[in-house]
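A.B. asks: would you be able to build a 3D model of this:
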Amino acid sequence: MQVCKIYFKTIFLFSLLLLLSTYTYSQAKPKAAQNNSVSKVNTLLWEVSGNGLKAPTYVFGTMHVLCAEDAQLSDSLKTIIHKVNEVYFEIDMDNIMQMMGMLQHVNMKGGVKLSDLLTVDEYKKLETYLKAKSPLPLSMMTRFKPFFISGLITESGLDCKEKDGMESAIMKEAKAHDKVINGLETVAYQAGIFDSIPYKDQARELMRYVDSGSYYLDQTKALVSVYKKQDLDEIEKMTVQSDPGTSNYLDLLLFNRNKNWVKKLQELMPKGSYLIAVGAGHLPGKQGVLQLLRNAGYTVRPIPNVVKSGIEANP
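C.D. replies: Numbering: from 1, shown residues only. This is a model prediction of the structure:
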């Protein structure tokens, strides 16, 4: 079950790896971010209303892995969970069969092994690196998709023994009030995203991560800090300053999924009131969920999301 939990986190952690990679590029070649700020205040919580809706729906930006003490819910978010009809995550985390089904998507297709993608020296370097950074030895991951391994390494960058995600905290609160839990996507769809990116490219990025020393791990901490400040504008800057070589990955991981979600929400929201909890990187920007909802005619407004301890907010 631990592998299932890690796999779910990996869809965000690879997004994080990509953002850090593009952020590195932007430092060497500055580029003005698109001035399309969705937030006048720092908050992860938003209300969607109007356009014929009888009741509002709420959107919350999550982070799939945090130090446990930071994965706390504000009073505003708790109140919303109490009153909505259902809670939607990226995938249905309450579906045990679907979560267990993640295991079949961990390995690369076609019997491909890491040794087929790396040189002998690269393989040895990765093995040594993982002994210090990963909860699993390389011998157990010889067929794992390289980006899954990148996710394991990224998680190790947080300086805390106990790690959790905002989804877990939200689901615990939702289940305490007998709320139905659903998913915007299936595990099979998310797994397909990983298979759409050539394994050789994934392996190249994995070794780039290993060779970077502490840089990416330090940037992981920096992005967690930005998340704790609920600064969607800063997250948006990291997203839009992309290397042309990775732009197709941004489409796969962020933009295409945002469009699919908003299309589904337009069908869903007239039926009731919902909490939509998805990775915070999906919210800001011209192609972010919040702006796409505005483009569709809805009113989207920020709601203060202040936690007395843990996540910091400046509403």
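A.B. asks: and the gap between residue 292 and residue 218?
C.D. replies: 32 Å (C-beta to C-beta, to the nearest Å). Where C-beta positions appear, they are placed from N, C-alpha and C, glycine not excepted.
A.B. asks: again with residue 192
C.D. replies: Residue 192 is 32 Å from residue 218, where distance means C-beta to C-beta.
A.B. asks: now do residue 301
C.D. replies: Distance from residue 301 to residue 218, by C-beta to C-beta: 35 Å.
A.B. asks: next: residue 79.
C.D. replies: 36 Å.
A.B. asks: just to revisit the earlier point, the more surrounded of residue 292 and residue 218?
C.D. replies: The neighbour comparison of residue 292 against residue 218 (other C-beta atoms under 10 Å) goes to residue 292, with 22 against 12.
A.B. asks: next one, pLDDT for that one please.
C.D. replies: Looking at residue 292, its pLDDT is 98.
A.B. asks: that one contacts residue 260, correct?
C.D. replies: No: using C-beta atoms under 8 Å, residue 292 makes no contact with residue 260, being 10.4 Å away.
A.B. asks: in this structure, what spans have low per-residue confidence?
C.D. replies: Along the chain, the parts satisfying pLDDT under 70 run over 1-40, 96-102, 156-157, 238-248, 309-315.
A.B. asks: all strands for it, in order.
C.D. replies: 45-49, 57-62, 66-67, 86-89, 163-164, 180-183, 274-279, 299-303 (DSSP state E).
A.B. asks: quick one: closest of those strands to residue 232.
C.D. replies: Closest to residue 232 of the strands of the chain, according to C-beta to C-beta: strand 57-62, at 6.8 Å.
A.B. asks: strand partners of the closest one, parallel vs antiparallel please.
C.D. replies: The strands that strand 57-62 pairs with in its sheet are strand 45-49 (antiparallel), strand 274-279 (parallel) (by DSSP bridges).
A.B. asks: of the ones you listed, flag the one that's most buried.
C.D. replies: With neighbours taken as mean count of other C-beta atoms under 10 Å, these reach their highest mean count in strand 274-279, at a mean of 25.
A.B. asks: how far does that one sit from the chain's center?
C.D. replies: Distance of strand 274-279 from the chain centroid (C-alpha atoms, centre = their mean, to the nearest Å) equals 12 Å.
A.B. asks: quick one: the helices in the stretch 201-315 of the chain?
C.D. replies: Applying DSSP state H, counting those that start in this stretch to the stretch 201-315 of the chain gives helices spanning 215-228, 232-240, 247-250, 256-268, 289-295.
A.B. asks: list the buried ones in the fourth one?
C.D. replies: By that I understand helix 256-268. 257-258, 261-262, 265, 268 (16 or more other C-beta atoms under 10 Å).
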